[in-house]
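Asker: what follows is a predicted structure for the sequence shown.
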Amino acid sequence: MGTIVAAAIVAGVWSASAWAEGGSIYTCIDAKGRRLTSDRPILDCIDREQQELGPSGKVVRKIGPSLTAEEQKAAEDRVRKETEEREHQLEEKRRDRALLARYPDRASHDKERKGQLAAVDVVIAAARERESELKWQRKQLDTELEFYGKDMKRAPALLKRHYADNDNAQATQERYIASQLEEKGRINARFDEELGRLAPLWAQVTAAAAASAASPSSGVKPASTARAASAAASARAPVRAKK
């Protein structure tokens, strides 16, 4: 008991000396239950809370447990993931606002889809016309080859080259048409994805407008609410993809 009292007196004298020098002192209770005091953060209490005391003896601040390198990395990873998630959510909201501004209703979205698909159809039609021309040229070559008994080995080099050029041109047109058909698929997929995002947004806008119109202060008859509900149902209706 006398040892503990003596230690407390020594600690008190040391603390008074530290304060007299105008500095803070740090105190904590270590893993063994001992109260430790120092003029700097205490290494033995790195895994627990420490208190920084000012010259008046009042707590200036509390210092949390220091983290190990592994714990620090885990904390940083957690903060980074939370930050990325917040940024992702903000980006999604910005994208939704931009979509809603561009397509305020289902009709505007359908019109844009139809226009983009029509533009690709024009390109495909031109490619098919070129394909028909190449097939007609092939028939002309076949007629010329009849003069050589339809035997390509007996055909002159120029005729053989015309056949090769025609084959290459037709293959090119086939690949081009296939790529344009794939482009139509991508357009439909993109508009379908946008529609999935826009439908609930349109419904929210329509519901808000209906609630405002149905409020007593608006003076609008309930029929307007019914029309708004019908518009919301139309916005949620699925679109049939065009191939």
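Answerer: Sure, I can see it. Numbering: from 1, shown residues only.

Asker: tell me which residue is most central in the chain.
Answerer: Central residue of the chain (CA atoms, centre = their mean): residue 88, 5.5 Å from the mean position.

Asker: who does the helix or strand that residue falls within touch, helix- and strand-wise?
Answerer: Element membership of residue 88, judged by DSSP states H and E, is helix 69-102. Helix 69-102 sits against helix 157-214, with contacts defined as 3 or more CB pairs under 8 Å, 6 or more residues apart in numbering; DSSP states H and E. Using the backbone N, CA and C atoms, a C-beta is placed for each residue, glycine as well.

Asker: by how many degrees do the helix it packs on and helix 69-102 diverge?
Answerer: 90 degrees (axes from the mean of the first three to the mean of the last three CA atoms, to 10 degrees).

Asker: chain center to helix 157-214, what's the gap?
Answerer: 22 Å (CA atoms, centre = their mean, to the nearest Å).

Asker: same thing with stretch 98-111?
Answerer: In terms of CA atoms, centre = their mean, the centre of stretch 98-111 is found 20 Å from the chain centre.

Asker: report the buried residues of it.
Answerer: Neighbour counts over stretch 98-111 (16 or more other CB atoms under 10 Å) mark 99-100, 103, 105-106, 109 as buried.

Asker: same thing with stretch 205-214?
Answerer: Those would be 205-206, 210, 213, for stretch 205-214 by 16+ other CB under 10 Å.

Asker: using a markdown table, lay out these together with pLDDT and distance to residue 94.
Answerer: Rendered in a markdown table, the data for these read as follows (pLDDT from 0 to 100; distance: CB to CB, whole Å):
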| residue | pLDDT | distance to residue 94 |
| --- | --- | --- |
| 205 | 92 | 17 |
| 206 | 90 | 22 |
| 210 | 89 | 26 |
| 213 | 84 | 29 |
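
Asker: got those residues as a markdown table, with distance to residue 57 columns?
Answerer: Formatted as a markdown table, those follow (distance: CB to CB, whole Å):
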| residue | distance to residue 57 |
| --- | --- |
| 205 | 62 |
| 206 | 65 |
| 210 | 65 |
| 213 | 67 |
